[in-house]
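Trainee: kindly generate the corresponding structure for this input.
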Amino acid sequence: MSRASSLMFLLLLLSASTVSAQLRPVGRDSSLIPSTVPAGPSVRDFGAKGDAKADDTAAIEAAVKAGAVYFPKGDYRISRTIRIDLDAAGRTSLVGTGEATIIMTGPGPAFNFIGTHEGTGDPESVLDNVWRSQRLPIITGIEIRGDHPESIGLRLEKTMQATLTNLLIRKCKIGIQLIKRNRNLIIDHCHIYDNTHVGIDFDRINLHQAIISNSHISYNRLAGIRLLGGQMRNFQIVGNDIEYNYDPNLENCADILIDMTAEGSSFREGTIVGNTIQAIPSPNGANIRFLGGKSLFTGGLLAITGNLIGSQTHNIHLKDCRGVTISGNSIYSAAEHSLWLEDSANLIASCNSIDWNPDHKEKHLVDGILIDRCKGVILSDTVIEDSFQGTEQSGGAVDVRNSHDVTIDNCQVLDFRFRGIILSDSQRCRVTGCSVIERRKAPQQGTSIMVKGGRDNLIADNIVNPAGLSVAAGAATVRDNIEASASD
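Mentor: Okay, here's the model as predicted:
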């Protein structure tokens, strides 16, 4: 054997020895599993059968009480909620290796983690008993499957640093539900899939510091992720695949829904970044919907950046909110609105592409931008092509109504069906540096920019169709616009 071959043989032996040292049998399960799973008893040591027939509820409760909640391979049927009182039970986690399924045959959550944390995320506000007995409950490596119309996968209340990873939750009414108060939540590398109501539900909760990342959240009928009321701060939805969260027979479905319309609710400081978010058009459905309160104080400070967003009735719908930035997204195939902004303030929509899926062969979706009753909006550096929004009588691809201080700058509104940009009854709005033209071989030569009513508006430095400006007397200052050739 050559020296090189001998060295390779020794390296292979060393590698095998290292792998062997990292694997060991656990409890009564004879299989080898990673050393991250605790050595010691499993739920089977407390009488759980894992045969999908026996009721394993009492056995799992006994394991929780003893502090040993490892699930080896099997299908564990439970008939009632397993309540985990962290202050009484002490530090408790649910651990598996992906080979165990919990089948919830009763109503309510399969597992309900209950803490007592009443503080904030500030370390000084965390009591000693929380650090001693409750911090960092981990749920990892198991499947939870609902077998009751009112089943819930997991419920968390008043927990500190709950960390959920490598889970599959399906066939429940709600996959993961958070209530009352929680802090420093992480949901990562999970599949929240095919639930009848909501995938991940923040239900009237006081919560700061939550991260949902690297997960597949799809085919949940009403919403993929729902933030419903409460007081929400520091929220990140990053790097997920959030798809087909809709029901063709339900109204107002959404892949991501932030609903702060209830009195006393508020949302601040959130990011929706780097996700794929798509569905199928449903009645008034949306990929992303953010509903604030009527005072403009309850919903705001959100960044929607670098996402792929498509194929719903409305791609992004913002109402009664403020301080939202929409940038660098690829937005496509909206049955009605690509962007629907209403009753909102201080919004920026910049550097987005609004397009339609050419695989559909023939375009039939609307793909329009509607800005209605808003104050302080910048729409810039955006391309929107072949929008069907409007009719022969009214409306256009970019429709601004009853709004103040809207700037539309450096945009390309191309091959619009009826009108390019229309301002109606609006004040101090600017349309500058835009190309609002048709490039078809047989162009309709519609109105590029129309201003109806309003005052103190500016239309300047745009490229428009021949005779493409229609501005009501006294509604706007018009200067330095260029009429393009009849066609390309």
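
Trainee: domain map for this structure?
Mentor: 38-220, 252-366, 375-391+398-488 (automatic domain parsing).

Trainee: nearest to G230, out of these?
Mentor: domain 38-220 (4.3 Å; C-beta to C-beta). Where you see a C-beta, it was placed from the backbone N, CA and C, and this is true even at glycine.

Trainee: check contacts around D128.
Mentor: D128 sits next to no residue when contact means C-beta atoms under 8 Å, 6 or more residues apart in numbering.

Trainee: dihedrals phi and psi, it?
Mentor: phi -60, psi -40 (degrees, to the nearest 10).

Trainee: separation between it and E99?
Mentor: Separation of D128 from E99 (C-beta to C-beta, to the nearest Å) stands at 37 Å.

Trainee: just grab the bridge partners of I82 for me.
Mentor: Beta bridges link I82 to F111, judged by DSSP bridges.

Trainee: residue nearest the centroid of the protein?
Mentor: I256 (4.0 Å; C-alpha atoms, centre = their mean).

Trainee: check which helix or strand that residue maps to.
Mentor: strand 254-259 (DSSP states H and E).

Trainee: avg pLDDT for that strand?
Mentor: The pLDDT scores in strand 254-259 average 98.

Trainee: just checking, what packs against it?
Mentor: strand 223-238, strand 241-243, strand 266-273, strand 276-278, strand 286-291 (3 or more C-beta pairs under 8 Å, 6 or more residues apart in numbering; DSSP states H and E).

Trainee: ok, now with 7 Å
Mentor: Applying 3 or more C-beta pairs under 7 Å, 6 or more residues apart in numbering; DSSP states H and E, we find strand 254-259 packed against strand 223-238, strand 286-291.

Trainee: now those in JSON lines, with distance to V406, mean pLDDT and mean neighbour count?
Mentor: Compiled in JSON lines, those are given as follows (distance: least, C-beta to C-beta, whole Å; pLDDT from 0 to 100; neighbours: other C-beta atoms under 10 Å):
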{"stretch": "strand 223-238", "distance to V406": "28", "mean pLDDT": "96", "mean neighbour count": "23"}
{"stretch": "strand 286-291", "distance to V406": "19", "mean pLDDT": "98", "mean neighbour count": "27"}
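
Trainee: who wins for proximity to I82 among these?
Mentor: strand 223-238 (24.4 Å).

Trainee: tell me the contacts of the spatially closest residue to F267 that is not a sequence neighbour?
Mentor: Once flanking residues are discounted, F267 sits nearest to M232: 4.6 Å by C-beta to C-beta, 6 or more residues apart in numbering. With contacts defined as C-beta atoms under 7 Å, 6 or more residues apart in numbering, the neighbours of M232 are 202, 207, 267.

Trainee: pLDDT below threshold where in the protein?
Mentor: Low-confidence segments of the chain, defined by pLDDT under 70: 1-40, 360-361, 441-445, 486-488.

Trainee: next up, phi/psi of N129, please.
Mentor: phi -70, psi -30.

Trainee: typo on my end, it should be I176
Mentor: Dihedral angles (degrees, to the nearest 10) for I176: phi -130, psi 130.

Trainee: distance check, it against L156.
Mentor: 8 Å.

Trainee: give me the more crowded residue out of these two.
Mentor: Between I176 and L156, counted using other C-beta atoms under 10 Å, the more crowded position is I176 (30 against 26).

Trainee: who's in contact with that one?
Mentor: So I176 contacts 153-154, 164, 169, 187, 192, 200-201 (C-beta under 7 Å, 6+ apart).

Trainee: repeat for P149
Mentor: By C-beta under 7 Å, 6+ apart, P149 lies in contact with K173.

Trainee: that older thread, how about the domains of the chain in TSV, adding distance to Q236?
Mentor: Below are these laid out as TSV (distance: least, C-beta to C-beta, whole Å):
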stretch	distance to Q236
domain 38-220	5
domain 252-366	5
domain 375-391+398-488	24
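
Trainee: how far away is G420 from F388?
Mentor: From G420 to F388 the distance is 13 Å (C-beta to C-beta).

Trainee: which residues of the stretch 1-150 of the chain fall in strands?
Mentor: Here the stretch 1-150 of the chain has its strands, by DSSP state E, counting those that start in this stretch, at 23-26, 29-34, 51-55, 70-71, 74-78, 82-85, 94-104, 108-114, 138-146.

Trainee: so what's the gap between the fifth one and the chain middle?
Mentor: It stands for strand 74-78. 31 Å (C-alpha atoms, centre = their mean, to the nearest Å).

Trainee: secondary structure element holding P281?
Mentor: Going by DSSP H and E, P281 is not in any helix or strand.

Trainee: test my guess that it contacts A335.
Mentor: Yes. P281 is within contact range of A335, at 3.9 Å (criterion: C-beta atoms under 7 Å).

Trainee: could you tell me which residues touch both of the two?
Mentor: Common neighbours of P281 and A335 (C-beta under 7 Å, 6+ apart) are T313.

Trainee: now the residue nearest to the centre of the chain: how far from F388?
Mentor: 25 Å.

Trainee: quick check: I152 touching K173?
Mentor: Yes. Applying C-beta under 7 Å as the test, I152 and K173 come out as touching, 6.1 Å apart.
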